[in-house]
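> starting from these lines, generate the structure:
(one chain, ligands or ions: 2)
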Amino acid sequence: MPSDCLFCRIIAGQLPASQVYSDDSVVAIRDIAPQAPTHILLLSRKHIASVADVGEKDRDLLGKILAVGAELAAREGVATDGYRLVVNTGRNGGQTVDHLHVHLLGGRPMAWPPG
Ligand code: AMP
Ligand code: ZN
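Ligands and ions are numbered 1, 2, ... in the order given. Have a look, this model is predicted:
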């Protein structure tokens, strides 16, 4: 675990977070600066810098994270009206934390294209 990685430190319990889900491969927390009434971050337990760094043996993890996102959307009561799962990747993608995560945003209408 990189000791300077924010999300690794949250997963390890070294930094506080509002955790809403945890299993052997995925941890979900509420975003500290929510951009929608529901804004959850789905984190891979394993440190992977971004979706661009997912290797062959970790591909199933991507499907798992999306499935957990759908499960949490239903649990949060935003599934019927719809929601967005977002993976910011790299500088132009707007990624600010280099640890694989998917945003679950819901509870309001979303614009397209994104800014
Ligand atoms: P991204 O910009 O896609 O890399 O997403 C990083 C997200 O992490 C942003 O939406 C931040 O608001 C969020 N964030 C940063 N620090 C924390 C923290 N300590 N706890 C929860 N979310 C955080
Ligand atoms: Zn990490």
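> just the helices in the protein please.
Counting by DSSP state H, one finds helices in the chain at the ranges 6-11, 59-76, 90-93.
> pick the most buried one from these.
helix 6-11 (a mean of 19; mean count of other C-beta atoms under 10 Å). Heads up, the C-betas are built off the backbone N, CA and C, glycines and all.
> show me the contacts for residue 102.
41, 42, 65, 66, 69, 85, 86, 87 (C-beta atoms under 8 Å, 6 or more residues apart in numbering).
> pLDDT and distance to ligand 2 added to those residues, as TSV?
Listed next are these as TSV, based on pLDDT from 0 to 100; distance: C-beta to the ion, whole Å:
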residue	pLDDT	distance to ligand 2
41	99	12
42	98	14
65	98	14
66	98	19
69	98	19
85	98	20
86	98	18
87	98	15
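> wait, what's in contact with residue 66?
Residues in contact with residue 66 (C-beta under 8 Å, 6+ apart) are 85, 102.
> what parts of this protein come near ligand 1?
Residues of the chain lying close to ligand 1 (C-beta under 6 Å from any ligand atom) are 6, 17, 29, 31, 32, 33, 41, 88, 94, 95, 96, 97.
> in JSON lines: the residues you listed, plus distance to residue 79.
As requested, the residues of the chain next to ligand 1 are arranged in JSON lines below (distance: C-beta to C-beta, whole Å):
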{"residue": "6", "distance to residue 79": "28"}
{"residue": "17", "distance to residue 79": "23"}
{"residue": "29", "distance to residue 79": "19"}
{"residue": "31", "distance to residue 79": "18"}
{"residue": "32", "distance to residue 79": "24"}
{"residue": "33", "distance to residue 79": "23"}
{"residue": "41", "distance to residue 79": "18"}
{"residue": "88", "distance to residue 79": "22"}
{"residue": "94", "distance to residue 79": "25"}
{"residue": "95", "distance to residue 79": "26"}
{"residue": "96", "distance to residue 79": "27"}
{"residue": "97", "distance to residue 79": "26"}
